[in-house]
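**Student:** here is a sequence together with a model predicted from it:
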Amino acid sequence: MGNAFGGYLEVGAPKKQGTTLIQLNIHHMRDAHDIMGQRPDEYFTPVTLVPQAAMSSLCCVPLCYVAVPAGMTAIVTRFGAVVEGNEEDGTWSPGCHCFNPLNQVDKLVSKQLICFDTPVQGCKTKDMITVNIDVMIQFEITAARDFVYKIGPEKFDDFLRASEDECLRKLCFETLVENIYDLHGKHEEAVTIVEELNAKFSKYGVKVHQFNVKHVSIPPKMATEFQEKTLFESKTVEQRAKQTLDKLELNNEEGKQKLREECDNKRMACEQQAVVDENKAIKEVSGVVSKTSRDIEELEAQRDNEVKKVTTSAELEISKMKSEILAMEREQKSNIEAECADIRNKADAYAAKVDADRTVEDARKLASGHKSLAAAEGEASAAFAARRAHEAELKRLEILQHLTQREGAQIHTSQENTVGMSADNAAVTQVAQQGLEALRAKLAEVTATSLARIQEVRPSQQRM
């Protein structure tokens, strides 16, 4: 990872022993997530980031919003003056914010826990032995603006190293070299050191959470002597434990042998007693089996007798019940046949009565119909007289028409028939034609008169 492609610019701070806190310049604020979780050049720990650009753009046009990365707060300025944010310390919280193009993200400050791991060398113990101690401190930035503008990452790095060195040398000077390894578990002293550091760093917006001693190293020669001394004591303890173990094994073996003999004696006694109990049980079982067999035979005989008695009694009862059932069936059958005959007679009488009533009713209704029809025809005779005369005239006209249309038909008057005039007499033909014309006129007059009467009669019938 380099400055050209890693998202950050060249680190200008000098490398120090252990963790080195720095302020890192990055190309764009969107690179903050990738940088904050890494250690640039494998030596530095970024605490604050300075983005060269913060706003996103679309087609080279800046957008009026910024997205502050999670786990960080932003210090925003406008022409060098700080713009207040929505956090308690005046910074801008993580997330998207509407952004004035005149504003600028001055710093991004980490809100995560930061591990500061540095060794302290040349510490003097209470007996003036020089030791080296490696310590890890966990802290977080609670007030970003106080941290950035009052001290900054580089100066806080120096201040933290000096405070850590002072506290650790004081603690080491109060401890003998033979007890120096106990610093790993000194929780009370660590709490005291954390309180002292927080008293110093609170004005800079920093809170220390833990102070742990990771590793303690003493001079090699002294470490070898301590190791031999510890091993001698361990070997002595081991030898004593081995002697105790051998003694316990011997006692255990003797106890096992004695317990084995006792178990064998008890097992043989139990086996003999089991044989005696088995024979006794076999004898008792044989007596019980023979007695049980006799009891079973007696019970079976009693059962057979009882079954025969019950069977005989049941057969007798069944025969009685069958005879009663046959008598009841005969009586019931005769009753049913009598009732059926009675019902059939009643049904036939009722059917005959119904037929007679229906015949009388039909005759009555038929007579009433004829009477009504005759009355209707009598009432309508005057109205239909013209119609009947008209129909008679139509029949006469139809007959006359058939006669005149017949081939070879000739019309002669009575006088012509008397004197024997010729059939071709034109005067007779003319008179016949005139008579026909007069007949047609009379027929038309009769038809018109008949239609007028019919129209007068129909409304009177409808009202009736």
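**Tutor:** Structure's in. What do you need?
**Student:** what residues are up against residue 72?
**Tutor:** 32, 36, 49, 94, 108, 109, 110, 111 (C-beta atoms under 8 Å, 6 or more residues apart in numbering). Backbone N, C-alpha and C define where each C-beta goes, glycine included.
**Student:** if we ignore the residues flanking it in sequence, what's nearest residue 157?
**Tutor:** With sequence-adjacent residues excluded and distances taken as C-beta to C-beta, 6 or more residues apart in numbering, residue 157 is closest to residue 21, at 4.1 Å.
**Student:** which strand residues bridge that neighbour?
**Tutor:** For residue 21, the beta-bridge partners are residue 45 (DSSP bridges).
**Student:** would you mind measuring from it to residue 208?
**Tutor:** Distance, residue 21 to residue 208, by C-beta to C-beta, to the nearest Å: 14 Å.
**Student:** where do the strands sit along this structure?
**Tutor:** Assigned by DSSP state E, the strands in the chain fall at 20-28, 44-53, 57-58, 61-62, 65-68, 72-78, 81-83, 95-98, 104-110, 114-124, 130-141, 206-217.
**Student:** name the helix or strand of this structure that has the lowest mean pLDDT.
**Tutor:** helix 414-419 (a mean of 52; mean pLDDT, DSSP states H and E).
**Student:** residue 150 is nearest to which of the strands of the chain?
**Tutor:** Closest approach to residue 150 among the strands of the chain is made by strand 206-217 (10.1 Å; C-beta to C-beta).
**Student:** please save the CA atoms from that closest one in PDB.
**Tutor:** Backbone C-alpha positions of strand 206-217 (Å, rounded to 0.1, in the frame of the first residue of the first chain) are rendered in PDB as follows:
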ATOM      1  CA  VAL A 206      -9.300  11.700  26.100                       C
ATOM      2  CA  LYS A 207     -10.500   8.900  28.400                       C
ATOM      3  CA  VAL A 208      -8.200   5.900  29.300                       C
ATOM      4  CA  HIS A 209     -10.100   2.600  29.800                       C
ATOM      5  CA  GLN A 210      -7.300   0.000  30.500                       C
ATOM      6  CA  PHE A 211      -3.700  -0.100  31.600                       C
ATOM      7  CA  ASN A 212      -2.200  -3.600  31.200                       C
ATOM      8  CA  VAL A 213       1.400  -4.900  31.600                       C
ATOM      9  CA  LYS A 214       1.900  -7.300  28.700                       C
ATOM     10  CA  HIS A 215       5.500  -8.400  29.200                       C
ATOM     11  CA  VAL A 216       8.300  -8.000  31.800                       C
ATOM     12  CA  SER A 217      11.900  -8.900  31.100                       C
END
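**Student:** which residues touch it?
**Tutor:** Contacts of strand 206-217 (C-beta under 8 Å, 6+ apart): 113, 117, 131-142, 147, 156, 167, 180-181, 183-184, 186, 190, 193-194, 197-198, 201, 223.
**Student:** one more time with 6 Å
**Tutor:** 132-142, 180-181, 183-184, 190, 193-194, 197-198 (C-beta atoms under 6 Å, 6 or more residues apart in numbering).
**Student:** what strands line up against that strand, and which way round?
**Tutor:** strand 130-141 (antiparallel).
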